[in-house]
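Undergrad: Structure of the sequence below:
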Amino acid sequence: MIYQWYEVTGSNVQIKFRDTIHRSTLIDPNFLVYNMSTATPTIISNAFSDIDIKRDFSSISRVLTLWWGITLENNTDYRISISGLRAIGGTFVDTQNIDFNTGIITVENIEVPPTREPVEVEDYSIKSITTILNIPVSAGSDEFSIISITPDSSYSYYLDPSHNEGKIEVIFSMPPAANFVSDDYFKIQRKALGRGISRWENIEALITSSSNDELAVIYLPSVPASDSADQTSYYGRPDLIYWEKGYKYRIRISGDIGPSVAGSTI
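TA: From the prediction side, this is the model:
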């Protein structure tokens, strides 16, 4: 699923994407609206106002706002078809549909998608990562900066032990130089939770990126099973534990990191 959540109102549609999307693909032809109330769905021309990226999309929160250019018919089935979007890694996303019926819009003209279940925290005492940065976080700067980090501590407070296969993803405004993609510049640490004093300890993570990609991926090592003689660390397997119970994590990113694009400055 391309989106994490969406909200349809009488004035706009808001879509929260799971991944960072290339802004060049957030164009009007990639968001089509169909009237589904007849046997043959009909496409609606100019259903949304023209997308203004600076106004309508936040690269940090990954929320896109589409403004209705029409008045929706009451008690009618509609479909928003989303296609042609490209994720930050370069892959094109499969077509996704958002179906809704205006008959369930409230008096405030708000339709809310199915309620997301609250995170069950009693099984996990793992807090989301804290980020310590010397590089600025900026969505629109032409200078080298960080656009976003996943997991995003602003909405994820507790992590499943196998969350995202132990991956921390850092998206820059341009590809970082390869010589900076190492544990000399990316420090992953954890410390035990509790009333006693504990210190941050370094984790031997695997750090990768591509010279043509703005994305740096940090892989946490798997946690060996307590009853296993195999102490080998594995990376990127969905069946293993990476975020260990009873710890919180943080990432330290050096301000000395620079881009691979010639002529760019920090």
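
Undergrad: Tell me the gap between the helix or strand hosting Ser81 and the middle of its chain.
TA: Element membership for Ser81 (DSSP states H and E) is strand 77-82. The chain centroid and the centroid of strand 77-82 are separated by 23 Å under CA atoms, centre = their mean, to the nearest Å.

Undergrad: May I have the strands that pair with that strand, each with its orientation?
TA: strand 31-35 (antiparallel), strand 96-101 (antiparallel) (DSSP bridges).

Undergrad: okay, those strands, which one's buried deepest?
TA: Burial of these is given as mean neighbour count (mean count of other CB atoms under 10 Å); strand 31-35 ranks first at a mean of 20. In short, each C-beta sits where N, CA and C put it, glycine included.

Undergrad: just the CA coordinates of it, formatted as PDB?
TA: Taking Å, rounded to 0.1, in the frame of the first residue of the first chain, the C-alpha atoms of strand 31-35 are listed here in PDB:
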ATOM      1  CA  PHE A  31      -4.400  11.500  -9.600                       C
ATOM      2  CA  LEU A  32      -7.600  10.600 -11.500                       C
ATOM      3  CA  VAL A  33     -11.200  10.600 -10.100                       C
ATOM      4  CA  TYR A  34     -13.900   8.300 -11.300                       C
ATOM      5  CA  ASN A  35     -17.600   8.200 -10.700                       C
END
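
Undergrad: Direction included, what does the helix or strand just after it pair against?
TA: Toward the C-terminal end, the helix or strand that comes next after strand 31-35 (DSSP H and E) is strand 42-44. Looking at strand 42-44 with DSSP bridges, its partner strands are strand 31-35 (antiparallel).

Undergrad: quick one: average pLDDT of the strand it pairs with?
TA: Mean per-residue pLDDT for strand 31-35: 95.

Undergrad: Contacts for it, please.
TA: 41-44, 47-48, 51, 66, 73, 76-83 (CB atoms under 8 Å, 6 or more residues apart in numbering).

Undergrad: Which among the residues you listed count as buried?
TA: Among these, those buried by neighbour count (16 or more other CB atoms under 10 Å) are Ile44, Ala47, Phe48, Ile51, Leu66, Asp77, Tyr78, Arg79, Ile80, Ser81, Ile82, Ser83.

Undergrad: Helices along the stretch 151-266 of the chain, start to end?
TA: Taking DSSP state H, counting those that start in this stretch to define them, one finds no helices in the stretch 151-266 of the chain.
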